[in-house]
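[1] Sequence unavailable; structure follows:
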Ligand code: DQA
């Protein structure tokens, strides 16, 4: 069975509480259940990791080498600030898909640029939970 690593960055653990008008009322636990079901339907196993720390995310990407055939990543605010995260993705060379729950192209100016994009095979945004399902489908089709 194909193993996928799903990484969520800072404040994604507060889904449901956090700006529900932007991110919805479903919780992080709901997201985990959704991802596991979507992966199961696609014939994959999803291992989920969440951290509020950039270095912990870099460590997790480095550990993924040889263990996973794809990475789904929502780096959250680090999308717009981190060079270490895309560097780690490029270093391990595992196909990665970037996901954002909200439509980062139509929000504040500072959210429009993603450093992560150039290290990913695709970027999906503005589709809520469904974006993770699409990312899993895309990685499974590679
Ligand atoms: C986000 C968008 C980011 O700009 C923001 O900092 C987040 C979540 C999203 O999923 O829409 O924390 O990545």
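    That came through, no problem. Keep in mind that this is a model prediction, so the values were computed, not measured.

[2] near the ligand at all, the longest helix anywhere in the chain?
    Counting by DSSP state H, the longest helix found in the chain is helix 28-42. No - against the ligand, helix 28-42 shows no contacts by C-beta under 6 Å from any ligand atom, the least distance being 10.3 Å. For every residue, glycine as well, the C-beta is placed using N, CA and C.

[3] List the residues that contact residue 102.
    With contact set as C-beta atoms under 8 Å, 6 or more residues apart in numbering, residue 102 has these partners: 22-23, 125-126.

[4] quick one: the nearest residue to residue 100 once chain neighbours are set aside from the ligand, how far?
    Leaving aside its sequence neighbours, residue 100 sits nearest to residue 125 (C-beta to C-beta, 6 or more residues apart in numbering; 3.9 Å). Per C-beta to the nearest ligand atom, to the nearest Å, residue 125 is found 7 Å from the ligand.

[5] I figured residue 125 was touching residue 103, is that so?
    Yes - shown here, residue 125 and residue 103 form a contact pair, counting by C-beta atoms under 8 Å, at 5.7 Å.

[6] higher neighbour count, these two?
    In this view residue 125 and residue 103 are compared by other C-beta atoms under 10 Å, and residue 125 has more residues nearby, 20 against 13.

[7] Which pLDDT value belongs to that one?
    Predicted confidence (pLDDT) at residue 125: the value is 98.

[8] Quick check: it vs residue 56, distance?
    Using C-beta to C-beta, to the nearest Å, residue 125 is found at 23 Å from residue 56.

[9] before we move on, what SS does the spatially closest residue to residue 77 that is not a sequence neighbour have?
    Using C-beta to C-beta, 6+ apart and skipping the chain neighbours, the partner closest in space to residue 77 is residue 10 (5.5 Å). Under DSSP: H, G, I helix; E, B strand; the rest coil, the three-state class of residue 10 is coil.

[10] Now do the contacts for residue 10.
    51-53, 76-78.

[11] Could you rerun that using 7 Å?
    Taking C-beta atoms under 7 Å, 6 or more residues apart in numbering, we find residue 10 in contact with 52, 76-78.

[12] Pull out the buried residues from the residues you listed.
    Buried subset of the contacts of residue 10 (neighbour count, 16 or more other C-beta atoms under 10 Å): 52, 76, 78.
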